[in-house]
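Pasting the sequence and the predicted coordinates here, then a few questions.
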Amino acid sequence: SVGLSGRDFLKLTDYSSSELSDLIELGHDLKKKQKSGKVFEPLQGKTLGMIFEKSSTRTRVSFETGMYQLGGMGIFLSTNDLQLGRGEPVADTANVLSGYLDGIMIRTYSQAMVQELAANASIPVINGLTDVYHPCQVLADLQTIEEVKGGLEGVKLAFIGDGNNMANSLMIGAAIMGMHISIAAPEGYQPENAISKKAALIAAASGGKVEITANPVHAAEKADVIYTDVWASMGQESESKVREQAFADFQVNSKLLSLAKKDVTFMHCLPAHRGEEVMADVIDGKHSVVFQQAENRLHAQKALMTALMG
Ligand code: CP
Ligand code: NVA
């Protein structure tokens, strides 16, 4: 075990590089076990509650399947059906669920609400995406980059597009692991200052580098990985038209890809919009690892649940 039993996983700033490395290593190990048909059930008899206030394909299915494969089970809980959605206090919900479950995964809008839930729960709480962070995605992404590039240190990752939850978590994760991350986002859509500053401080200590630019060409130059995400995240649907205009020069297409290293890897957390943030020939082309990346959600989260709930 990697000594993380009982911990929450709310944001990557709570984790050290050696803790993240241990989790990624365990992810590689559990993937191998799974591929060789080996049964590994450290969570027998355990239950994960999965609270969703936003839609999900990958997060829901990978957590639920992952729990089952580890010998436990996942319960899907929609806030539409929970009393939480009718105003039951977050703290009461945390206390009650702590009496039934062995862990909670939550996807919602407010990072503060997730922190409040965790503060009042006596069981591990895992952030399955908020408006601010998506740490589980980045854990799987780091595992994927290790698979493809053979390591993380010194790898240049260019994130092109919205300074959103993905940009924030990638920035922190890359900084912790000593990577070079360059975020290209239009003025007004760049990551929150407090988070970029935090990432820069972490990078200064790890030997990594964090850059924020409004120039996608600069970010893409000599990149090992080019990453993008939707221009309008869940909850921002009404801004779609305005955002399409703001991000018009931030599309990942073959021209942008040609500025990166020859063996550049294209990544996207999915769901994707072909013809908007990425062209079809890029996401469906030979540089893309998006489905490997999506599959790794399963392995990375099995590692996380084994470490936290085991
Ligand atoms: N990437 C990701 O979190 O996908 P879902 O929204 O389908 O869970
Ligand atoms: N930024 C996107 C990520 C989806 C996995 C969103 O929040 O909708």
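That came through fine. Residues are numbered from 1 along each chain as shown. Ligands and ions are numbered 1, 2, ... in the order given.

Now do the strands in the stretch 51-200 of the chain.
Using DSSP state E, counting those that start in this stretch, the strands found in the stretch 51-200 of the chain span residues 73-78, 103-107, 125-127, 156-160, 180-184.

Including mean neighbour count, could those go into JSON lines?
The way it works is simple: take the backbone N, C-alpha and C, and place the C-beta from them, glycine included. Below are those laid out as JSON lines (neighbours: other Cβ atoms under 10 Å):
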{"stretch": "strand 73-78", "mean neighbour count": "16"}
{"stretch": "strand 103-107", "mean neighbour count": "26"}
{"stretch": "strand 125-127", "mean neighbour count": "26"}
{"stretch": "strand 156-160", "mean neighbour count": "26"}
{"stretch": "strand 180-184", "mean neighbour count": "25"}
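
Serialize these to JSON lines and add fields for mean pLDDT.
Converted to JSON lines, these look like this (pLDDT from 0 to 100):
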{"stretch": "strand 73-78", "mean pLDDT": "98"}
{"stretch": "strand 103-107", "mean pLDDT": "98"}
{"stretch": "strand 125-127", "mean pLDDT": "99"}
{"stretch": "strand 156-160", "mean pLDDT": "99"}
{"stretch": "strand 180-184", "mean pLDDT": "98"}
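
quick one: which of these is nearest ligand 2?
Taking Cβ to the nearest ligand atom, strand 103-107 is the member of those nearest to ligand 2, at 9.1 Å.

Could you figure out how far the closest one is turned away from strand 73-78?
40 degrees (axes from the mean of the first three to the mean of the last three Cα atoms, to 10 degrees).

Is strand 103-107 in proximity to ligand 1?
No. Shown here: strand 103-107 not in contact with ligand 1 (Cβ under 6 Å from any ligand atom), separated by at least 7.3 Å.

List the neighbouring strands of that strand plus their orientation.
With DSSP bridges as the test, strand 103-107 is paired with strand 47-52 (parallel), strand 125-127 (parallel).

Would you tell me which of these gets closest to Gly275?
Among the strands paired with strand 103-107, strand 47-52 comes nearest to Gly275, with 28.1 Å by Cβ to Cβ.

Show me what that closest one is in contact with.
Applying Cβ atoms under 8 Å, 6 or more residues apart in numbering, the contact partners of strand 47-52 are 60, 63-64, 67, 72-79, 82, 84, 97, 100-108, 128, 305, 309.

ok now it, how far from the chain's centre?
Computed by Cα atoms, centre = their mean, to the nearest Å, the chain-centroid distance of strand 47-52 equals 17 Å.

Next: stretch 47-57.
A distance of 15 Å separates the centroid of the chain from that of stretch 47-57, by Cα atoms, centre = their mean.

what about stretch 218-238, how long is it end to end?
Chord length of stretch 218-238, first to last residue, is 30 Å (Cα to Cα, to the nearest Å).

do that stretch and ligand 1 meet at all?
No. Stretch 218-238 stays clear of ligand 1 (Cβ under 6 Å from any ligand atom), getting no nearer than 7.6 Å.

swap in stretch 71-87?
No. Stretch 71-87 is not in contact with ligand 1 by Cβ under 6 Å from any ligand atom; minimum separation 12.4 Å.

and Val39, how many residues sit next to it?
9 (other Cβ atoms under 10 Å).

Look at it and give its secondary structure.
Using DSSP: H, G, I helix; E, B strand; the rest coil, the structure places Val39 in coil.

thought Ile283 was touching Leu270?
No. Ile283 is not in contact with Leu270 according to Cβ atoms under 8 Å; the separation is 9.1 Å.

Name the residues contacting each of these two.
Residues touching both Ile283 and Leu270 (Cβ under 8 Å, 6+ apart) are Val290.

Noted, bye for now.
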